[in-house]
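Peer 1: next come a sequence and a model predicted from it.
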Amino acid sequence: MPALKKKFQWSWLTQYRRHFGQFNHAALHVDYRFSTDDWDMNTFTTEISWHQPIAAGWLVVPRFRYYSQDAASFYRPVATNLKETVYSSDYRLQGFGAFTGGLKFVKNFNGIKNLHEGKFQIGAEYYDHSAGYELGGNSLGDFADFSYYLLTASFNLKF
């Protein structure tokens with residue numbers, strides 16, 4: 001059996017939360033994440049969301065996110081040098097960026113008999129992935145560019 005290759009990865013997360021009592025106890029959430037590894041993949045994520053209470057225990061949360069990653073040092077879209085012993089054309093290892101925007105509605109349930117906590121969520125988001133969105137630019141081509149819409153719903157119970 002071959003020896004397992006180790007991978008080193010380091011990451012940093014900074015979060016900012018601000019309460020706005022004058023807007024019905026709304027809150028601004030700002031997150032920044034950075035990670036790097038020994039494959040030369042640096043990733044950057046910035047996410048901003050606004051948590052706005054509305055009527056009857058409902059919360060509306062608009063959200064925006066930007067993500068960027070550098071290509072792995074061994075990523076090659078096409079094998080041009082067959083003397084290389086390690087390379088991959090897996091598009092997930094290429095440099096790219098992505099924008100996400102969405103909106104969700106959340107209803108919290110507390111104090112129901114025999115139920116400690118419950119939450120219902122429903123939401124929609126749009127995701128757009130492109131090599132050209134990579135921080136600093138990328139001209140590797142658009143073969144792995146795509147976008148989609150996502151609808152979600154969940155019900156969580158804590159007993």
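Peer 2: That came through fine. Numbers count the residues shown, from 1 in each chain.
Peer 1: surely Y127 touches T100?
Peer 2: Yes. Under the criterion of CB atoms under 8 Å, Y127 makes contact with T100 at 4.9 Å. (C-beta placed from N, C-alpha, C; glycine too.)
Peer 1: in this protein, which spans are strands?
Peer 2: For the chain, applying DSSP state E gives strands covering 9-20, 26-37, 42-53, 58-69, 96-110, 117-130, 146-158.
Peer 1: dump the ones you listed to TSV, plus mean neighbour count and distance to R76.
Peer 2: Formatted as TSV, those follow (neighbours: other CB atoms under 10 Å; distance: least, CB to CB, whole Å):
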stretch	mean neighbour count	distance to R76
strand 9-20	10	22
strand 26-37	15	18
strand 42-53	16	18
strand 58-69	16	16
strand 96-110	16	15
strand 117-130	15	19
strand 146-158	11	21
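Peer 1: how about a markdown table for those strands, with distance to S89 added?
Peer 2: Formatted as a markdown table, the strands of the chain follow (distance: least, CB to CB, whole Å):
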| stretch | distance to S89 |
| --- | --- |
| strand 9-20 | 22 |
| strand 26-37 | 19 |
| strand 42-53 | 20 |
| strand 58-69 | 16 |
| strand 96-110 | 14 |
| strand 117-130 | 17 |
| strand 146-158 | 17 |
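Peer 1: with mean pLDDT added, can I get those in a markdown table?
Peer 2: Formatted as a markdown table, the strands of the chain follow (pLDDT from 0 to 100):
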| stretch | mean pLDDT |
| --- | --- |
| strand 9-20 | 97 |
| strand 26-37 | 97 |
| strand 42-53 | 97 |
| strand 58-69 | 97 |
| strand 96-110 | 93 |
| strand 117-130 | 93 |
| strand 146-158 | 93 |
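Peer 1: ok, now which ones touch S11?
Peer 2: The neighbours of S11, taking CB atoms under 8 Å, 6 or more residues apart in numbering as the test, are R33, F34, S35, T36.
Peer 1: if you could redo that for Q69, that was the one I meant.
Peer 2: Q69 touches M41, N42, T43, F44, G95, F96, G97, E134, counting by CB under 8 Å, 6+ apart.
Peer 1: beta partners for the nearest residue to R18 once chain neighbours are set aside?
Peer 2: Residue nearest to R18 in three dimensions, not counting chain neighbours: L28, with 4.6 Å by CB to CB, 6 or more residues apart in numbering. Assessed by DSSP bridges, L28 has beta-bridge partners R18, W50.
Peer 1: and the gap between L28 and R63?
Peer 2: Applying CB to CB, to the nearest Å, the value for L28 to R63 is 12 Å.
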